[in-house]
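Visitor: Pasting the sequence and the predicted model now:
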Amino acid sequence: MASIYKPTEAIQLLRLVTKRPFTVQRRPATRIAFSTSRPAQAAQSSSSTPPPQPTRRAVTVTNDTGAVRWSELSPGEKASRTVQQSFNLSVVLVGVVMTCGVGYFLFADVFSPDSKTAHFNRATTAIRNHPECQRLLGPGSEISAHGENSWSRLARNRYVSSTTEMDKWGTEHLRFRFYVEGPLGQGVVHVHLTKRPSQDEYEYHTLAVDVKGHKRVYLENADEKTGSKVAPKIFGARWW
């Protein structure tokens, strides 16, 4: 059935449409909220779990520095540290013994009043001050003394030949020789020192200088003082 066209109703509809503005409804933009809940949870979870500790190197005899505590070492590592420390201690002890030996040698051979070096210096001073030695060798300030000659120029005039012995009466005998040179000539010095059991220091028995072409020069001669007499025996022994 066809509807009946009514012009009045159509006009009213047109008026209503023209009065209302045409608006397009827009969907409101949704704002994304910033939330830190997830990173906070991640940070909390990371802080709660301890970081993995790096594995340390095994301690051996060659690489042990003592940084690792004794309680943290395994039985094998403890044995390695014990071996290393024992070796270090033995090295220190050997060094101490060698130092004491060198010190004793220096004192006995150089600094001691009864050392060979001290007697060498005293004999050299006596020769430089002796008038007859100055006449044969030259001025005392120009007389030099040295030990045995050597083929090596680096080791020349270093070694002083000497011997030490004790006789059957308990007297110590120290004998050595060295060489002297001066502007006028050269000579060989013979030194003989003795120390009886009742004495604390050596005394000169013989101090003589041999210069080629001249008579031996005696600076000290015990045989000449005593007339080459030998002490008599009392109850089978010599007492002086």
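Guide: Structure's in. What do you need? Remember, predicted model here, so these are calculated numbers, not experimental data. Numbers count the residues shown, from 1 in each chain.

Visitor: According to the record, where do the domains of this protein fall?
Guide: 75-111, 116-238 (automatic domain parsing).

Visitor: can you list those in CSV and add mean pLDDT?
Guide: Formatted as CSV, those follow (pLDDT from 0 to 100):
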stretch, mean pLDDT
domain 75-111, 83
domain 116-238, 84
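
Visitor: need the ones you listed in JSON lines with distance to residue 62 and mean neighbour count, can you?
Guide: C-beta: built from backbone N, CA, C; applies to glycine. Formatted as JSON lines, the domains of the chain follow (distance: least, C-beta to C-beta, whole Å; neighbours: other C-beta atoms under 10 Å):
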{"stretch": "domain 75-111", "distance to residue 62": "8", "mean neighbour count": "12"}
{"stretch": "domain 116-238", "distance to residue 62": "39", "mean neighbour count": "14"}
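
Visitor: Please produce a markdown table containing those domains, extended by distance to residue 67.
Guide: Listed next are these as a markdown table, based on distance: least, C-beta to C-beta, whole Å:
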| stretch | distance to residue 67 |
| --- | --- |
| domain 75-111 | 11 |
| domain 116-238 | 47 |
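
Visitor: wait, which of those is closest to residue 9?
Guide: domain 75-111 (106.9 Å; C-beta to C-beta).

Visitor: Mind jotting down where the strands sit in the chain?
Guide: Counting by DSSP state E, the chain has strands at residues 144-146, 161-166, 172-181, 186-195, 203-211, 217-221, 233-234, 237-238.

Visitor: mind giving me a markdown table with these and columns for distance to residue 93?
Guide: As requested, the strands of the chain are exported to a markdown table (distance: least, C-beta to C-beta, whole Å):
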| stretch | distance to residue 93 |
| --- | --- |
| strand 144-146 | 39 |
| strand 161-166 | 31 |
| strand 172-181 | 33 |
| strand 186-195 | 35 |
| strand 203-211 | 41 |
| strand 217-221 | 46 |
| strand 233-234 | 51 |
| strand 237-238 | 46 |
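
Visitor: Pull the contacting residues for residue 161.
Guide: Contact analysis of residue 161 by C-beta atoms under 8 Å, 6 or more residues apart in numbering lists 147-148, 176-178.

Visitor: from these, which is closest to residue 210?
Guide: Among the contacts of residue 161, residue 177 lies closest to residue 210 (C-beta to C-beta), at 9.5 Å.

Visitor: isn't the closest one right up against residue 188?
Guide: Yes. The pair residue 177 / residue 188 is scored as a contact, 6.2 Å apart, by C-beta atoms under 8 Å.

Visitor: From the rest of the structure, what touches stretch 79-99?
Guide: Contacts for stretch 79-99 (C-beta under 8 Å, 6+ apart): 59-61, 64, 66, 70, 73.

Visitor: same thing but 7 Å
Guide: Stretch 79-99 has contacts (C-beta atoms under 7 Å, 6 or more residues apart in numbering) with 59-61, 64, 73.

Visitor: what's the longest helix in this protein?
Guide: Ranked by residue count, the top helix of the chain under DSSP state H comes out as helix 75-106.

Visitor: Tell me who's in contact with residue 189.
Guide: Going by C-beta under 7 Å, 6+ apart, residue 189 touches 123, 127, 177-178, 180, 209.

Visitor: For residue 172, see how far away it is.
Guide: 20 Å (C-beta to C-beta, to the nearest Å).

Visitor: go on, residue 99?
Guide: Note on residue 99: its distance to residue 172, by C-beta to C-beta, is 28 Å.

Visitor: Likewise for residue 180?
Guide: Residue 180 sits at a distance of 25 Å from residue 172 (criterion: C-beta to C-beta).

Visitor: circling back: which one of the contacts of residue 161 is nearest to residue 160?
Guide: Distances from residue 160 to these, taken by C-beta to C-beta, are shortest for residue 147, at 4.0 Å.

Visitor: Give me the spatial nearest neighbour of that closest one, chain neighbours excluded.
Guide: Using C-beta to C-beta, 6 or more residues apart in numbering and skipping the chain neighbours, the partner closest in space to residue 147 is residue 160 (4.0 Å).
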